[in-house]
Structures are given as structure tokens and as C-alpha cells.
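*Asks:* no sequence on this one, just coordinates:
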């Protein structure tokens, strides 16, 4: 399930460029009563912890960057997604019940919620990133290598990660899944900082091929790693950031 949330404020919304942590903190605060262990434990598979949700970048029709801060003009839009329908509903309903929510030092009001319908009719869909996809390996010497879409590991690790999510959810899925970039360019790479740690990811358009359940899982759970930190949320190519 995927939803678009519209937040408004009477003031300019000012937040550090590296804002993923602040958005994630808001999400955990909204769901903590129903999912108190999700932050620390999540869903465990092969000694790995999966949170099974992802979220997008913040979008606004007008913004400016100054002194490592982004100043958004209200309203701002956030996409939130999970294969667990209840998780999305809890997050949205909790935000609606509160008079205000906080992202960083900003007090915001949730003014609108839209359910994003993504109908999959075939075995191939074209998607675009609303938050960058990150795929990486950390080696025994402590070094981390981030894979680009033109490296074989990028696609194979995404498929493996998706298969683990399917196992957690007890989904009977087909093994056929592939991802290929449609507009690969080094300029599509992006560097984001999460709690002072650098994360490299990739924006752009991708073609996903596979069984319907795997494609639905890819769209709802996120692609690649660090989904719950604001990475790997994709939408069908025709989905808009806002209605206008």
C-alpha cells in the first residue's frame, strides 16, 4: 500500500539538506503505539532486520537551498509505502488524529491523504525513483562499496533482498525478477547523509520484470537497502508528485 501525504504550515518549512533522519523519526513516533518494536527489532530474517516500509524525498512546488538548509514553501508532499497495509493505515490515522506533527523543528498539519493506486497488468512495469536506490557491500576491512546500476551486483542484490522480504511475508512468489536502468547516467547518482554516514544511491527510471506479486512487493516494500531510512521508494512512471 502506498499513500501520498500533504503537509502544510503557516511558516516556511526549513530543514537540513540531510533530512532523512527527521522524517524517519516522525514516522516512528506516529506508529510506536501499534508497532513499539519496529524501530529496534523489525522483522528478522537470516540475522538481518527488515522494517518493511519506505518513504520518499520531500517534494514542494517551490523551495530554495541556502547554508545547507532547504526552505520549502508549504505544502510539502511525502510518499509512504509498505506491503503491510495496516502499517500505512496506522501511520496515516495517527497523523490525522494529531493537531500537529513534527519534522525537525517544523510543526506541520496533515491536510490531505491520497491512496496511490498502482495497477500491474503485465510482467513488465516502468518505474521512477521518488527516493534513491542504494545497493552496497561492506567488506571485512570496513570499506563499503556502493554498486551502480551498470554493475551486475546491483540487480542481483536487489533481487536477493526482495526475495528475503517475500519470505518474511510468507509470499509465494516466482523467482523471475529483474531490474534494468532506462536512463543510466552518472549524473543520476546522489549522496545523502544519514546520521553523518554517507549513503550513495541512484535516481532515475528503471524497468522491472517479474511475476505480479514480486512487482507489487517491489513497489510497496522498496528496492535495495535502507528503505526505512528513506531509500528505494519507486512509483509507476505515470504517478505524479502532486495533482496539478
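*Replies:* The structure has been received and is ready for your questions. Source: prediction; values computed, not measured. Numbering: from 1, shown residues only.

*Asks:* any idea how far residue 209 is from the residue lying farthest from the centre of the chain?
*Replies:* Here the chain reaches farthest from its C-alpha mean at residue 141, the gap being 29.1 Å by CA atoms, centre = their mean. Per CB to CB, to the nearest Å, residue 141 is found 36 Å from residue 209. C-beta here means a position set from N, CA and C on the backbone, and glycine is covered the same way.

*Asks:* what do you get for residue 2?
*Replies:* Counting by CB to CB, the gap from residue 2 to residue 209 is 20 Å.

*Asks:* quick one: which of the two has more around it?
*Replies:* residue 2 (24 against 15; other CB atoms under 10 Å).

*Asks:* surely that one is in contact with residue 219?
*Replies:* Yes - applying CB atoms under 8 Å, one finds residue 2 in contact with residue 219, separated by 6.9 Å.

*Asks:* could you pick out the longest strand of this protein?
*Replies:* In the chain, with assignment by DSSP state E, the single longest strand is strand 106-115.

*Asks:* now for residue 99, how many residues are close by?
*Replies:* 7.

*Asks:* swap in residue 52?
*Replies:* So residue 52, with other CB under 10 Å, has 21 neighbours.

*Asks:* so it: helix, strand or coil?
*Replies:* coil (DSSP: H, G, I helix; E, B strand; the rest coil).

*Asks:* again with residue 213
*Replies:* helix.

*Asks:* check residue 26 too.
*Replies:* helix.

*Asks:* quick check: phi and psi on the nearest residue to it once chain neighbours are set aside?
*Replies:* In space, and not counting its chain neighbours, residue 26 is closest to residue 103: 5.2 Å by CB to CB, 6 or more residues apart in numbering. Here is the backbone geometry of residue 103 (degrees, to the nearest 10): phi -120, psi 110.

*Asks:* who's in contact with residue 103?
*Replies:* The neighbours of residue 103, taking CB atoms under 8 Å, 6 or more residues apart in numbering as the test, are 7, 13, 15, 19, 22, 23, 26, 58.

*Asks:* among the residues you listed, who's most crowded?
*Replies:* Counting by other CB under 10 Å, top hit in the contacts of residue 103: residue 7 with 25 neighbours.

*Asks:* that residue: which element?
*Replies:* Element membership of residue 7 [criterion: DSSP states H and E] is strand 2-8.

*Asks:* kindly report the same for residue 122.
*Replies:* Judged by DSSP H and E, residue 122 forms part of no helix or strand.

*Asks:* tell me the pLDDT of it.
*Replies:* With respect to pLDDT, residue 122 scores 91.

*Asks:* then residue 74?
*Replies:* Value listed for residue 74 in the pLDDT field: 95.

*Asks:* from here on, call the first residue 9.
*Replies:* In the new count, where the first residue is 9, that last one comes out as residue 82.

*Asks:* that one reaches residue 21, doesn't it?
*Replies:* Yes - contact between residue 82 and residue 21 holds when scored by CB under 8 Å: they sit 6.1 Å apart.

*Asks:* mutual contacts of the two, please.
*Replies:* Jointly contacting residue 82 and residue 21 under the rule CB under 8 Å, 6+ apart are 15, 68.

*Asks:* you'd agree the residue farthest from the centre of the chain is in a helix?
*Replies:* No - counting by three-state DSSP, residue 149 is not found in a helix; it is coil.

*Asks:* quick one, phi/psi of it?
*Replies:* The phi/psi pair for residue 149 (degrees, to the nearest 10) is phi -90, psi 0.

*Asks:* ok, it - contacts?
*Replies:* Contacts for residue 149 (CB under 8 Å, 6+ apart) come out as none.

*Asks:* give me the pLDDT for it.
*Replies:* pLDDT for residue 149: 87.

*Asks:* how is the protein partitioned into domains?
*Replies:* Domain ranges of the chain: 10-123, 132-244, per automatic domain parsing.
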